[in-house]
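# After the sequence you'll find the predicted model.
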Amino acid sequence: MDTGSPETSGEDLIIAVEQMVRYVRQSATTGGLSIAANAALGRLSREGPQRLTELARAENVSQPNMTQLVTRMERAGLVRRVADRTDGRGVLVEVTDTGLELFLQRRAERAEALERLIAELSEPEQRAVRIALPALARVIREHRERP
């Protein structure tokens with residue numbers, strides 16, 4: 001697979017992305033979190049407290065599965081359920097200080113793994129990656145913001 005070629009296919013690129021994501025995810029070992037738990041902690045860290053239904057929808061899992069995940073994370077002290085101040089009947093899930101610290105440690109591990117990969121590239125490849133990845137992230141954000 002020649003990922004440096006302008007003729008690199010979308011299929012070749014997605015294989016490369018999948019390999020990179022798998023490598024980086026496997027590099028985060030602190031706390032032994034599942035991918036789903038790490039994703040939920042990340043979302044709560046970035047977006048703040050959410051209802052279980054919103055969290056399940058955002059993470060593309062069923063509400064019963066998210067309820068089980070949140071219960072396990074709550075027992076581990078990573079999240080807590082709090083009353084929704086705008087709706088007394090509602091309950092929000094929020095990340096605890098312990099959960100945030102664990103998420104940030106895991107993010108640092110993933111960042112270090114990515115940096116190690118990038119360091120093995122030539123200078124032009126490093127520049128290309130440092131331009132392309134943020135550009136793709138920007139396009140993703142723009143797609144999410146569209147109605």
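Okay, I see it.
# neighbours around the residue nearest to Leu33 when sequence neighbours are not counted, how many?
Among residues not flanking Leu33 along the chain, Arg106 sits closest, at 6.7 Å (Cβ to Cβ, 6 or more residues apart in numbering). For every residue, glycine as well, the C-beta is placed using N, CA and C. Applying other Cβ atoms under 10 Å, we find 21 residues neighbouring Arg106.
# Tell me who's in contact with Arg106.
By Cβ atoms under 8 Å, 6 or more residues apart in numbering, the contact set of Arg106 is Ala28, Thr30, Gly31, Leu33, Asn38.
# again, only this time at 10 Å
Arg106 makes contact with Arg25, Ser27, Ala28, Thr29, Thr30, Gly31, Leu33, Ala37, Asn38, Leu41, Gly42, according to Cβ atoms under 10 Å, 6 or more residues apart in numbering.
# which one of those has the most neighbours?
Leu41 (24 neighbours).
# And the contacts of whatever helix or strand that one lives in?
Assessed by DSSP states H and E, Leu41 sits inside helix 35-47. Applying Cβ under 10 Å, 6+ apart, the contact partners of helix 35-47 are 21, 25-26, 28, 31, 33-34, 50, 54-56, 58-61, 65-66, 68-70, 72-73, 76, 78-79, 92-96, 99-100, 102-104, 106-107, 110.
# rewinding a little: will you turn the contacts of Arg106 into CSV that also has distance to Pro147?
Output for the contacts of Arg106, formatted as CSV (distance: Cβ to Cβ, whole Å):
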residue, distance to Pro147
Arg25, 31
Ser27, 36
Ala28, 34
Thr29, 40
Thr30, 38
Gly31, 37
Leu33, 33
Ala37, 31
Asn38, 29
Leu41, 28
Gly42, 25
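# Let me know the closest of those to Arg130.
Closest approach between the contacts of Arg106 and Arg130, by Cβ to Cβ: Ser27, at 18.9 Å.
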